[in-house]
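S.K.: structure here, sequence nowhere to be found:
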Ligand SMILES: [Zn+2]
Ligand SMILES: [Zn+2]
């Protein structure tokens, strides 16, 4: 039976299982829900065992448990794939904005509504349907690649124990490629594959001048003004072309290829509609790049906040003693957040006039950017698999922000490919989250083809 | 009897009168003290009548009353002088920081302690002693110039009704020169004359971008960030030499003369001590100017405060919807606050990228700068008078901020000269205000000579 026939035939059973799972309120950020997150892990473990995975384990962490499952390929020389997803969900506030109970999943036509429907339970679950479809098509008792599933329970809380978990189980997680199923496509009509996510590092810059606020009549013009110094530092972070001007910042930026730019340009992007979403009357950014390129493939330095001196009503003619800003940097491959932090440190330290000192405090080690190589065998295979499922050419997208994906690739030493069928209007992290069931079936069909395509592409 | 002998002989009587006046708590900013401000005006009127002024009037305003007195010269062709001072005083908060009751004046050696001792009752009162000394020396029954005193009652509250008062009585106030006795000298050892005060205009700049705060992962890099635009506007207000770079801002700046710069350089300025007072580890300002020049003869653009976006604890990776700054401009002759406001408006409007709008709101019409012409007959005469009193060369200073002086010169159409003997450490506007009685006597002696010098210098 071909995969499409198989998944369509099992739609009812698949949706019933997903509704079962969605009924468990596995909100990792809510300590009162920790029992539910554990129930969610147990539900998934049982479902994976039912699916036929010979090995299924619940992996404990210092926080919420993850689920691991493995189904070895028939051929011991076949490649190995780790599929990453998460079984925890976002909080549901403001709950009064939901039209249905977030944990009583409801079907409305082709839509399934409930917290986690798209992010990420629906997208995890299409893999079990896809794997059954693959076996039904091949008639084999095992997949053509060794499939390992790793489904964490704290992604929506910032994956605080995930890196440690990866390192502890590194031996069990050995693989040739990591498949991430936690992103979106351009649209239902324009299926696409994410091939990169921006990283992030952010800091607070504190600039200090004279020890007290000074009267600007008596001292103004003859002592350094830390607000002016800060304004200079912030303004100097970009050149006239809108390109980041911090020395060394661009050293590791991998320029996007002409091939990828060409494919991005083929996306049916409606800038006027995008600007309406942004409530902005104009686009603005680095010269020479389109809006999509600016949010996906170019790094940014963004002032998130600033404050200094007198901010109340009326006038206070002072030279303020200090000035402060919060600045975040979105990073692109192959930038390293720690190296960027050193560039920012040096930039600030190198642009302070006499009589002014400054500190730069980074919020943490930052999030690394990640990207797939468009020319790699894994991306070609995954794109072909999705193309077979959607009966059309699959384009490429990226995402402006990211989670723990780069850490997975780094710890496991394997390239990432993103196979996912969420939509930007699925309202993930918002009230009334939904998923399009036909797209989940296309995801299952993609997954069914994916193991064959990867087996062929990665065979040594 | 020469003026020095006269004023020294009448020291006791002079100090007793001043203590009497200082006991009246004429705080114009305190509505509960309005009766005391009126009592202060009445006290002064009586004292001026006792001194011999043929005309003494209390002039009402919509606020607190001023006192006017006139003593015509013997020679009807003699020049006319208006002496300006004020009889209201600053509030006394924090009153617990005073070592004596602010309104029970106390002599400690040569010092007289009490609110208003230096600013400005002591400096108003030396004029009556000086005028008596002048008459004692000449033996005449009237001064050699027509002396008009105008002593306002709301200077410490921003002189809200003073311009109106000047205009209403313009005919009575006709004069050839205005003598201001409400400033300070360099030091007791280095007597000096103020020859200029900076003006002021200040504004709030509000910059608006997208209508709501945006997520920097989804939108960062492709929409205008108003905080970045504001930082650019603020940083762009100065060039690399620290000179204000707002187009047109310098058009009316009168460059200080080499002669004045030479005299300013002769002041025994201790920059290290000045920096300690400023609690700054370095001086900073416009290239090519000394610290004193920077605070006295050069205009400034000073950021008094700014705020935008997330200013609390932690991280919020947003593109903020708006950014705000308060900026004040110290002005020097011949800058006009209204013209500077137009330059700032045009600068902001001309440097906004698409998708960003801004408003610039000025706090009011601003304060005009003022200056005396060092080569004028009036300044030469006043400098000679002070030189005779202090037995030494009188140097020049300026002040970094100012009050209503420019308006007086403007409405009366007469040049200003500053004859005053306060010191920067008199703690005016602070607890424990004091005055050096020997300097008030030198002020009286200067005033005694001043009428002769002015009569000679200004005789048609
Ligand atoms: Zn997710
Ligand atoms: Zn005063």
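M.R.: Arrived safely, thanks for sending. Everything quoted here is computed from the prediction, not taken from an experiment. Numbering: from 1, shown residues only, chains lettered A, B, ... in the order given. Ligands and ions are numbered 1, 2, ... in the order given.
S.K.: so how far is ligand 2 from the residue nearest the centre of chain A?
M.R.: Among the residues of chain A, the one closest to the centroid is residue A:402, at 3.1 Å (C-alpha atoms, centre = their mean). According to C-beta to the ion, to the nearest Å, residue A:402 stands 62 Å off from ligand 2. Backbone N, C-alpha and C define where each C-beta goes, glycine included.
S.K.: per-residue confidence at that residue?
M.R.: pLDDT, residue A:402: 76.
S.K.: what about the closest residue to it other than its chain neighbours, how many residues close to it?
M.R.: Once flanking residues are discounted, residue A:402 sits nearest to residue A:197: 3.3 Å by C-beta to C-beta, 6 or more residues apart in numbering or on different chains. Applying other C-beta atoms under 10 Å in any protein chain shown, we find 30 residues neighbouring residue A:197.
S.K.: state the phi and psi torsions of residue A:197.
M.R.: Backbone torsions for residue A:197, taken as degrees, to the nearest 10, come to phi -140, psi 140.
S.K.: checking residue A:347 next. Helix, strand or coil?
M.R.: Here residue A:347 is recorded as helix under DSSP: H, G, I helix; E, B strand; the rest coil.
S.K.: quick one: it and ligand 2, what's the gap?
M.R.: In terms of C-beta to the ion, residue A:347 sits 47 Å off from ligand 2.
S.K.: mind listing what residue A:294 touches?
M.R.: A:283, A:285-286, A:300, B:221-222 (C-beta atoms under 8 Å, 6 or more residues apart in numbering or on different chains).
S.K.: where's it, which helix or strand?
M.R.: Assessed by DSSP states H and E, residue A:294 sits inside helix A:291-296.
S.K.: list the helices and strands the next helix or strand after that helix packs on?
M.R.: Using DSSP H and E, the helix or strand that directly follows helix A:291-296 along the chain is strand A:300-309. Where contact means 3 or more C-beta pairs under 8 Å, 6 or more residues apart in numbering or on different chains; DSSP states H and E, strand A:300-309 is packed against helix A:226-235, strand A:322-331, helix B:216-219, helix B:226-235, strand B:300-309, strand B:318-319, strand B:322-331.
S.K.: tell me the pLDDT of whichever residue of the stretch 151-300 of chain A sits closest to ligand 1.
M.R.: Closest approach of the stretch 151-300 of chain A to ligand 1 (C-beta to the ion) occurs at residue A:182, with a separation of 4.3 Å. Predicted confidence (pLDDT) for residue A:182: 93.
S.K.: could you check the pLDDT of residue A:460?
M.R.: 68.
S.K.: same check, this time on residue A:106
M.R.: 98.
S.K.: tell me which residues form a beta bridge with it?
M.R.: residue A:113 (DSSP bridges).
S.K.: and for residue A:185?
M.R.: With DSSP bridges as the rule, residue A:185 is bridged to residue A:423.
S.K.: I'd assumed residue A:267 was in contact with it.
M.R.: No: applying C-beta atoms under 8 Å as the test, residue A:185 and residue A:267 come out as separate, 10.6 Å apart.
S.K.: so what's in contact with the two at the same time?
M.R.: Counting by C-beta under 8 Å, 6+ apart, the contacts common to residue A:185 and residue A:267 are A:192, A:397.
S.K.: the two: which is more packed in?
M.R.: The neighbour comparison of residue A:185 against residue A:267 (other C-beta under 10 Å) goes to residue A:185, with 25 against 16.
S.K.: how about that one, what does it touch?
M.R.: A:191-193, A:397, A:420-423, A:439.
S.K.: redo that, cut-off 7 Å
M.R.: A:191-192, A:421-423 (C-beta atoms under 7 Å, 6 or more residues apart in numbering or on different chains).
S.K.: in JSON lines: the residues you listed, plus neighbour count.
M.R.: As requested, the contacts of residue A:185 are exported to JSON lines (neighbours: other C-beta atoms under 10 Å in any protein chain shown):
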{"residue": "A:191", "neighbour count": "22"}
{"residue": "A:192", "neighbour count": "26"}
{"residue": "A:421", "neighbour count": "31"}
{"residue": "A:422", "neighbour count": "24"}
{"residue": "A:423", "neighbour count": "18"}
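S.K.: distance to residue B:92 and pLDDT for the residues you listed - can I get that in a markdown table?
M.R.: Shown next, in a markdown table, are the contacts of residue A:185 (distance: C-beta to C-beta, whole Å; pLDDT from 0 to 100):
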| residue | distance to residue B:92 | pLDDT |
| --- | --- | --- |
| A:191 | 77 | 97 |
| A:192 | 73 | 97 |
| A:421 | 75 | 97 |
| A:422 | 69 | 96 |
| A:423 | 69 | 95 |
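S.K.: now the residue of the stretch 151-300 of chain A closest to ligand 1. Its backbone dihedrals?
M.R.: Dihedral angles (degrees, to the nearest 10) for residue A:182: phi -150, psi 30.
S.K.: list the residues that contact the residue lying closest to it once chain neighbours are set aside.
M.R.: In this structure, residue A:182 finds its nearest non-sequential neighbour in residue A:120, 4.8 Å apart by C-beta to C-beta, 6+ apart. Contacts for residue A:120 were tallied using C-beta under 7 Å, 6+ apart; they are A:85-86, A:182.
S.K.: no further questions, thank you.
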